[in-house]
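Chemist: next one to model:
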Amino acid sequence: MVVGAFPMAKLLYLGIRQVSKPLANRIKEAARRSEFFKTYICLPPAQLYHWVEMRTKMRIMGFRGTVIKPLNEEAAAELGAELLGEATIFIVGGSCLVLEYWRHQAQQRRKEEEQRAAWTAMRDEVGHLALALEALQAQVQEAPPQGALEELQAQMREVRTQLRAQDPPSTSRAASTSKE
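Modeler: Okay, here's the model as predicted:
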């Protein structure tokens, strides 16, 4: 089934990123309304961003040492709120990326551990089989050779024939009379 193959974690991360956009918009609105937020959180990064941007543009155009005027408070608050919203989206996206990386690494470690455990189990099994093989080889070496067994069988046949030859006919007669 296709749904089972789709990683649920990626869907969750995508949902979080989609939720982060309205969150960023709410933060922007709060930054525009709150004086504390505007003064201490939005204005300093906005002024710094404006200063770096203008300094870079001036240097590219060849103007060195030009004094850069700071943004007015309203424009700086707007720029700071935009920067804060974009930073929020970037941080959420980066966090999702880091979490996905950690999850993937944990999955890789788990696979490696499983492979290592399987490899160790196979190595132990091979060791047990090698010990069993050595024991069987020792038993085979301790057993008399096939020729010796045949010699013993031949000797037993000779002994039987000698015993039959030495068997007196009276025992055979007594056995036949008892049957009648």
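
Chemist: for the host helix or strand of residue 36, what is the average pLDDT?
Modeler: Assigned by DSSP states H and E, residue 36 belongs to helix 35-36. Averaged over helix 35-36, pLDDT sits at 88.

Chemist: can you offset everything so residue one is 191?
Modeler: Sure thing, new numbering starts at 191, so read that last one as helix 225-226.

Chemist: that one packs against which elements?
Modeler: Packed against helix 225-226 by the contact rule (3 or more CB pairs under 8 Å, 6 or more residues apart in numbering; DSSP states H and E) you find no helix or strand. In short, each C-beta sits where N, CA and C put it, glycine included.

Chemist: right, and the helix or strand after it?
Modeler: Under the assignment DSSP H and E, the closest C-terminal helix or strand after helix 225-226 is helix 233-251.

Chemist: just checking, what packs against that next one?
Modeler: Against helix 233-251 (3+ CB pairs under 8 Å, 6+ apart) you get helix 263-332.

Chemist: downstream neighbour of the helix it packs on in the secondary structure list?
Modeler: Immediately after helix 263-332, counting by DSSP H and E, sits helix 336-356.

Chemist: run the chain-centre distance for that next one.
Modeler: The chain centroid and the centroid of helix 336-356 are separated by 69 Å under CA atoms, centre = their mean, to the nearest Å.

Chemist: what sits up against stretch 326-337?
Modeler: The contact list for stretch 326-337 (CB atoms under 8 Å, 6 or more residues apart in numbering) reads residue 342.
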